[in-house]
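Colleague: attaching a predicted model along with its sequence, questions to come.
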Number of protein chains: 2
Amino acid sequence: MGIKRIAKLANVSIGTVDRVLHKRSGVAKETEKRVLKIIEETGYVKNTSASRLKLASVKKIRMAVLIPRENNTQQWNYWRLPKEGILKAVEELSEMGVEVDFYSFLNSTSFAARGHEIFAEDYDALVTVPFFKKESNELQQLAKAKDIPVVFLDTEIALDGPANFIRQNSHNAGRVAGRLLHGLVGSEGDYFIVNIINDKGVHASGQQREDGFRAFFKSINQKVSIQSIQHAVDVAPVFVGEMIEKLKKDAPKGIFVTNSRAHLIPRLLMSHDVRNAFVVGFDLNERNLMCLQRDEIDFLINQKPDYQGYAAIKGLFNFLTKEDASALNLQIPVEIIVKENAPQF
Amino acid sequence: MGIKRIAKLANVSIGTVDRVLHKRSGVAKETEKRVLKIIEETGYVKNTSASRLKLASVKKIRMAVLIPRENNTQQWNYWRLPKEGILKAVEELSEMGVEVDFYSFLNSTSFAARGHEIFAEDYDALVTVPFFKKESNELQQLAKAKDIPVVFLDTEIALDGPANFIRQNSHNAGRVAGRLLHGLVGSEGDYFIVNIINDKGVHASGQQREDGFRAFFKSINQKVSIQSIQHAVDVAPVFVGEMIEKLKKDAPKGIFVTNSRAHLIPRLLMSHDVRNAFVVGFDLNERNLMCLQRDEIDFLINQKPDYQGYAAIKGLFNFLTKEDASALNLQIPVEIIVKENAPQF
DNA sequence: CTGAAAGCGCTTACAG
DNA sequence: CTGAAAGCGCTTACAG
């Protein structure tokens, strides 16, 4: 049940079997055909651990990771989470000779610059995020030219060619949020979508989540009042004009925050003396979880960023060693978190 | 960075290092101490793939799985799911020489009988379910005597000694159900808990889920009307007497089904012409998912039985090969499913 | 009590 | 175009 048996059955040496398996040149057409037939018939599958045993010391599998710089001014770093998942995967695969180098960027310029640095070295794979359309396309081009697989995490955007994404379906996540909020608020209440405006690069997910949220109400044939509120990065959202009037009404209110800042809402509601309001947001940062514990946020949706990182490394390893591309493109399930199933922190 | 380097540093042969690593006899105290010190200093970790390379053909790791017989009369077999997860793990570990044999039981007698058969063979590990207290204790005793690790799936019950469980915390799941249902029904509505009575063995989870459900309402200081309805296995629940009166009222109603039969409720509600009722149940079987699609069930809680099986095999492998017992005892998160994040089927 | 050798399944560098 | 040998890190059976 190995290369040795194939060799014996085909009346060749194991070296020749190896050449056929790796499609290397220097094998007579006849021989190749015979060997391939036997491989087919016996249903041979390569033993990956064995094949990596020698290579683990001689020919490492090197992956580059290019993600946003961790923001150390806040107590919660979203980008530490994929990193943790990546490190877990690397630890599991270290005896297979897998290594990872981390690169970070601040804006589109440094993203492109780091990208070029990465392709100047010879990595076997790249994990990054598609925050800048033009630059992501360029990176994908470079990768294609060098035949290096790329996995994009976190967000999906339309690129010029096919690409691999490991991310939550944001439209679906928005629909789930609609379902959850509607259950609490009902069809008579007022809905508000708090959306972030991002100066640096696309925040495609925000719009997709909003679209999904609105699509949910269409799907249940309910015409409810939904009002969008935009606010800039690093600035708290504010309520103005008729919005405040609506919030003061007795009718229940639902507030859907399309980013990780739902924790800013409870204080805002309090300051306007708003009652009977329900809040749904994204991401399990400490402040959000705290609000969940205090019943100030009702639901949080988790994108499992740590798992995304973990899955990217595992998927790339399986692709590089087993030609199995099935795990390079994944939809992360929409995980619903309430106070009672929230992780301890 | 391997046994060879340790050997050189300690001035012994690799055979001796191997003896020390495996705590085999026949090593001089002095030598052992020296080798151990170097292992410590260098932070040596065994390469599991390498160590399994030879053994994969010579000394298989054999695991026995003892789970309920699949019920082929119904279209959905709960016990096929852990099996699928187990098979996935075995496939991933097949090149490490991991093999699994499946055994099934119908009742406590056949459970005990299969258990004894299993311990007559020499398996390296056992995965089973703790449905029968007395018999599970016996199995655990046998296992302890032969120093064979056991993992119990699905349910946790109090056994005489320490044991490994991979299962959802049912009390927590009940609390989550309380939270979800309360969000839809509010504090003015009536609540009903539909509980299964199981003739064969304990259905410990049912009671724990009910307790958790009630605990949730205590935790939010709400005294609501909660009425339990018992029904036997394979028989649909029925509403009687004052229950029907309550169900006919205008007030919203919440129905918590503590097993996988929530799909029986919508028809029952319809036949009594009950409106304004909300349903939460367990498990993603086809009928439940169908009801979810039709908005007849509002929430389902998933126990991830496939993942439980997968995790048991992986955990046992890590225990047997790396002495790492950390994954033999796992709490499976309470996964909340609505129409919009339900798996396609 | 200790070492040297063979072998697990695969890859590589060399010889022919 | 093909084969034989060495080696990856570890384990085992044998020799001393």
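Modeller: Arrived safely.

Colleague: C-alpha only now, for contacts and for neighbours.
Modeller: Noted.

Colleague: and the helix or strand harbouring residue A:215, which residues are buried?
Modeller: Element membership for residue A:215, per DSSP states H and E: helix A:204-219. Buried residues in helix A:204-219, counting neighbours by 16 or more other CA atoms under 10 Å in any protein chain shown, are found at A:204-217.

Colleague: stretch A:218-227 too?
Modeller: Within stretch A:218-227, the residues that count as buried by 16+ other CA under 10 Å are A:224, A:226.

Colleague: re earlier: next, see if the helix holding residue A:215 gets close to chain B.
Modeller: No - remark: helix A:204-219 sits outside contact range of chain B, by CA under 8 Å from any CA of the partner chain, the gap being at least 8.7 Å.

Colleague: residues contacting that helix, please?
Modeller: A:155-157, A:170-179, A:193, A:195-196, A:223-224, A:226, A:258-259 (CA atoms under 8 Å, 6 or more residues apart in numbering or on different chains).

Colleague: repeat that for 6 Å
Modeller: If you take CA atoms under 6 Å, 6 or more residues apart in numbering or on different chains as the criterion, helix A:204-219 is touched by A:170-172, A:174-175, A:178, A:258.

Colleague: save the buried residues of helix A:204-219 as JSON lines, and put in pLDDT too.
Modeller: Below are those laid out as JSON lines (pLDDT from 0 to 100):
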{"residue": "A:204", "pLDDT": "79"}
{"residue": "A:205", "pLDDT": "89"}
{"residue": "A:206", "pLDDT": "91"}
{"residue": "A:207", "pLDDT": "91"}
{"residue": "A:208", "pLDDT": "94"}
{"residue": "A:209", "pLDDT": "96"}
{"residue": "A:210", "pLDDT": "96"}
{"residue": "A:211", "pLDDT": "96"}
{"residue": "A:212", "pLDDT": "97"}
{"residue": "A:213", "pLDDT": "98"}
{"residue": "A:214", "pLDDT": "97"}
{"residue": "A:215", "pLDDT": "98"}
{"residue": "A:216", "pLDDT": "98"}
{"residue": "A:217", "pLDDT": "98"}
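
Colleague: where are the low-confidence patches of chain A?
Modeller: Applying pLDDT under 70 to chain A flags residues A:72-75, A:198-203, A:345.

Colleague: interface residues of it facing DNA strand D?
Modeller: Selection of chain A residues close to DNA strand D by CA under 7 Å from any atom of the strand yields A:11-16, A:25-32, A:50, A:53-54, A:56-57.

Colleague: mind checking which of the residues you listed land in helices?
Modeller: For those, the ones inside helices are A:14-16, A:29-32, A:50, A:53-54, A:56-57, with DSSP state H as the criterion.

Colleague: residue A:274: how many residues sit nearby?
Modeller: For residue A:274, the count of nearby residues is 18 (other CA atoms under 10 Å in any protein chain shown).

Colleague: in three-state terms, label it for me.
Modeller: Following DSSP: H, G, I helix; E, B strand; the rest coil, residue A:274 is assigned to coil.

Colleague: related to what we said a few turns ago, I'd like the next helix or strand past the helix holding residue A:215.
Modeller: strand A:225-232.

Colleague: and that next one, what does it pack onto?
Modeller: strand A:190-197 (3 or more CA pairs under 6 Å, 6 or more residues apart in numbering or on different chains; DSSP states H and E).

Colleague: and the contacts of the strand it packs on?
Modeller: Under CA under 6 Å, 6+ apart, the answer for strand A:190-197 is A:225-232, A:253-258.

Colleague: just confirm residue A:279 is within a strand.
Modeller: Yes - under three-state DSSP, residue A:279 falls within a strand.

Colleague: for it, give its distance to residue A:30.
Modeller: Separation of residue A:279 from residue A:30 (CA to CA, to the nearest Å) stands at 69 Å.

Colleague: more neighbours, these two?
Modeller: Comparing residue A:279 with residue A:30 by other CA under 10 Å, the one with more neighbours is residue A:279, at 27 against 8.

Colleague: and the lengthiest helix in chain A, how far out from the chain's middle?
Modeller: As assigned by DSSP H, the longest helix anywhere in chain A is helix A:305-322. Centroid separation for helix A:305-322 versus its chain: 11 Å, with CA atoms, centre = their mean, to the nearest Å.

Colleague: and it, what does it pack against?
Modeller: helix A:80-93.

Colleague: hmm, residue A:256 is touching residue A:278, no?
Modeller: No - contact criterion CA atoms under 6 Å: residue A:256 and residue A:278 do not qualify, at 8.5 Å.

Colleague: which of those two has more neighbours?
Modeller: Neighbour count, other CA under 10 Å: between residue A:256 and residue A:278, residue A:256 has more, with 28 against 22.

Colleague: restrict the one helix or strand the more buried one maps to to CA atoms and write it as PDB.
Modeller: Here residue A:256 sits within strand A:253-257, counting by DSSP H and E. Extracted as PDB, the C-alpha positions of strand A:253-257 are listed here (Å, rounded to 0.1, in the frame of the first residue of the first chain):
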ATOM      1  CA  LYS A 253     -37.000  50.200  18.300                       C
ATOM      2  CA  GLY A 254     -34.500  48.000  16.700                       C
ATOM      3  CA  ILE A 255     -30.900  49.100  16.100                       C
ATOM      4  CA  PHE A 256     -28.600  47.100  13.800                       C
ATOM      5  CA  VAL A 257     -25.000  48.100  14.000                       C
END
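
Colleague: how about the CA coordinates for the helix or strand following it, as CSV?
Modeller: Sequence-wise, the next helix or strand downstream of strand A:253-257 (DSSP H and E) is helix A:265-271. Provided in CSV are the C-alpha atoms of helix A:265-271 (Å, rounded to 0.1, in the frame of the first residue of the first chain):
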residue,chain,number,x,y,z
ILE,A,265,-25.1,52.5,21.3
PRO,A,266,-26.3,51.8,24.9
ARG,A,267,-24.8,55.0,26.2
LEU,A,268,-26.2,57.0,23.3
LEU,A,269,-29.7,55.6,24.0
MET,A,270,-29.3,56.4,27.6
SER,A,271,-28.3,60.0,26.9
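
Colleague: residues of helix A:265-271 that come out buried?
Modeller: A:265-266, A:269.

Colleague: can I get the residues you listed in CSV including distance to DNA strand C?
Modeller: Listed next are the buried residues of helix A:265-271 as CSV, based on distance: CA to the nearest atom of the strand, whole Å:
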residue, distance to DNA strand C
A:265, 56
A:266, 57
A:269, 61
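
Colleague: can I get these in TSV with distance to chain B?
Modeller: Below are the buried residues of helix A:265-271 laid out as TSV (distance: CA to the nearest CA, whole Å):
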residue	distance to chain B
A:265	19
A:266	18
A:269	20
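
Colleague: interface residues of chain A facing chain B?
Modeller: Chain A has residues A:49, A:95, A:176, A:183-184, A:334, A:336, A:340-341 near chain B, with proximity defined as CA under 6 Å from any CA of the partner chain.
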